[in-house]
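*Asks:* sharing a sequence plus its predicted fold:
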Amino acid sequence: MTEPSFLERLDRVESTLAIQQLPIRYAIAIDSRDIDGWLALFVDDVDCGRRGRGREALRTFIDPAIRSFYRSVHQIVGHAVDFTDADHATGKVYCKAEHEYGEKWIVQAICYFDAYERRDGHWYFARREEDFWYSADQLERPQQADFQHWPGPAPRYQPKMMLPRFLGWQDFWSRSPEEEVAAATSKPA
């Protein structure tokens, strides 16, 4: 295996910084209701499933979704990027979001599972899936809301599906603390 050249390393650093701007710009666009700015973050032929392909198909999802709540604030709190090649990457983005929905103030802990693609020198979202640790009114504990209280048209929740998406989650909880310690101490240093 050869060491990457200086230019390859520089490209990787610049690409990482460009990709990390996408979730931040996404949050700002949603919170400021800049739909065109939001759409521009996605590849022009984004797959929107049953809605079709392209940014205009994506518009048919986002416009009604953000009209279901008045105010929002999305805080990006962590982002991991993994490259598959020079022009493709995946990532996980942690986000804490708050939404004003009538008299309720809904707080969510989110992880976005992303795919990124570079086209004509620019990075875009190729795919973005969100999943939730919880969604609850600010006055509720997440457990009281069964981790999924959304008062409006419900986001696509899959209860108890979020955490198994992280490699190691099920393995960790399938072993006792003693087994975990034994497994860790038996690995060569």
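*Replies:* Structure's in. What do you need?

*Asks:* wouldn't residue 58 be in contact with residue 49 here?
*Replies:* No. Using CB atoms under 8 Å, residue 58 is not in contact with residue 49; the gap is 10.2 Å. Every C-beta, even on glycine, is put in place using the N, C-alpha and C of the backbone.

*Asks:* of these two, which one has the most company?
*Replies:* The neighbour comparison of residue 58 against residue 49 (other CB atoms under 10 Å) goes to residue 58, with 22 against 8.

*Asks:* any idea which element that one lies in?
*Replies:* Assigned by DSSP states H and E, residue 58 falls within helix 55-67.

*Asks:* now do the buried residues in that helix.
*Replies:* For helix 55-67, a neighbour-count test (16 or more other CB atoms under 10 Å) marks 55, 57, 58, 59, 62, 66 as buried.

*Asks:* and stretch 81-93, by the same measure?
*Replies:* Those would be 81, 89, 90, 91, 92, 93, for stretch 81-93 by 16+ other CB under 10 Å.

*Asks:* how far does that stretch sit from its chain's centre?
*Replies:* Distance, stretch centre to chain centre, for stretch 81-93: 13 Å (CA atoms, centre = their mean, to the nearest Å).

*Asks:* what's that stretch in contact with?
*Replies:* Residues outside stretch 81-93 that contact it (CB atoms under 8 Å, 6 or more residues apart in numbering): 8, 11-12, 15-16, 19-20, 23, 76, 78-80, 111-119, 126.
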